[in-house]
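Visitor: A structural model of the following input is requested.
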Amino acid sequence: MLFVCCNKMMFVPRKSNCMKLFRSSSPAWPPTWTFDAGVYIWRVLFSNAGEILGEARDPEKKETWFFCLEEATGTLLWRDLRHPEAWWTGIEAIEGGRFFLHGFRKPDMPQHLGIRAHDLHSGTLLWSSEEYTFLLAQGDDVYASREKFSGLEFYRLSAVDGGVTEELGQDTSRINDLRQQQNEEDFFRGYRYPDPLSDAHPHADAARSALDGIVDPAQVAGNLDVLVEAPLLFAAWHIAEERPENGRPSLKQEFLALNTDSGKTLFRGPILTGADAPGMDSFFIKDHQLIYIHERCAIHAHDLNGAAS
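Guide: From the prediction side, this is the model:
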């Protein structure tokens, strides 16, 4: 999140009368699709098979629900899936057309407990167990642990029905090997993320030239995050809000999309207001789409095809 969770140089000051290098586009570059949850989008996971699984939370009501979208179109497959525990739950993983939710051993404690397996395309509950803790999933197998008087025991479960297919005892070596194997696999193929603009950025000179006269470094709080997908350049940064509604200091995050070949500003505007502190990884590219969370509650996706022309 995306996000889920997000992230100097010399610029022409804001009031400078120097000519801008980029003109506003007409018409603007609108999102291809949006999904507004109406509450905070806490986390999103991509299945890498065409679906986006999301976790939505209402902090005031202490309620959590889950939703699923088609990645290419934003079409809603299902929403408002609830765990028996209204708040103390979350997503573990997506694997093999299924996803797995967890509960907690105790409220306000970090230890997960319980597994609920659902069909990703429909949201249908496949099976559940309150005695195991999810560790990882691989194909049609789920690896889990259970606390016993003798210590922590490990198991291989069927992802189809949750039945025990193998007792692994207390040897952690197999679990560690599987985790290492997952870490080495290319789960993030097709993703591109921004980096803070510094001398180490691979497109530092081009980005600085493009942004010169657009961003005032004196106003930037935290990093200026930049992603170049030539000829497109994307940037996000935080500045102090001019009139915070609650009277407390807060930040606004600005987002900018430029076509450096045509000289067009494809998009510019705030994507987050009222932030207490700068965030990280506020946007990214997945395959042919630029994706970000707008005002904490809505996913916006822009199609890169055509934006580069």
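
Visitor: which residues of the chain fall in helices?
Guide: 173-184, 204-211 (DSSP state H).

Visitor: which secondary structure elements does the longest one contact?
Guide: When you say that, I think you mean helix 173-184. strand 133-138 (3 or more CB pairs under 8 Å, 6 or more residues apart in numbering; DSSP states H and E). In short, each C-beta sits where N, CA and C put it, glycine included.

Visitor: same for the strand it packs on, what does it pack against?
Guide: Using 3+ CB pairs under 8 Å, 6+ apart: strand 133-138 touches strand 90-95, strand 98-104, strand 112-119, strand 141-148, helix 173-184.

Visitor: give me the buried positions along that strand.
Guide: 133-138 (16 or more other CB atoms under 10 Å).

Visitor: could you dump those residues to CSV with distance to Ala86?
Guide: Compiled in CSV, the buried residues of strand 133-138 are given as follows (distance: CB to CB, whole Å):
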residue, distance to Ala86
Thr133, 20
Phe134, 20
Leu135, 25
Leu136, 26
Ala137, 25
Gln138, 30
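
Visitor: looking at those residues, which one is closest to Phe35?
Guide: Ala137 (25.5 Å; CB to CB).

Visitor: for the closest one, give its distance to Gly269.
Guide: 39 Å (CB to CB, to the nearest Å).

Visitor: give the buried residues for stretch 213-224.
Guide: 213-215, 220, 222-224.

Visitor: closest one of these to Pro278?
Guide: Gly222 (3.0 Å).

Visitor: list the contacts of the closest one.
Guide: 7, 237-238, 277-278 (CB atoms under 8 Å, 6 or more residues apart in numbering).

Visitor: if you count neighbours, what's buried in stretch 176-195?
Guide: Those would be 178, 194-195, for stretch 176-195 by 16+ other CB under 10 Å.

Visitor: need those in TSV with pLDDT and distance to Thr34, can you?
Guide: Converted to TSV, those look like this (pLDDT from 0 to 100; distance: CB to CB, whole Å):
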residue	pLDDT	distance to Thr34
Leu178	92	37
Pro194	95	21
Asp195	94	26
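
Visitor: residues in contact with Ile94?
Guide: 45-47, 51, 53, 100, 120.

Visitor: can you pull the pLDDT of it?
Guide: Per-residue pLDDT puts Ile94 at 96.

Visitor: now do the phi/psi pair for the closest residue to it other than its chain neighbours.
Guide: When the adjacent residues along the chain are set aside, Ile94 lies closest to Ser47, with 4.8 Å between them (CB to CB, 6 or more residues apart in numbering). Dihedral angles of Ser47 (phi, psi; degrees, to the nearest 10) stand at phi -80, psi -20.

Visitor: could I get the pLDDT score of Ser47?
Guide: Predicted confidence (pLDDT) for Ser47: 94.

Visitor: what's the distance between it and Leu76?
Guide: 15 Å.

Visitor: so where's this structure shaky on pLDDT?
Guide: 1-27, 186, 243-246 (pLDDT under 70).

Visitor: check the contacts of Ile94 and tell me the two furthest apart.
Guide: Phe46 and Phe100 (15.4 Å).

Visitor: re earlier: quick check: the farthest pair among the buried residues of stretch 213-224?
Guide: Spanning the widest gap among these are Gly213 and Gly222, at 20.8 Å by CB to CB.

Visitor: all good on my end, thank you.
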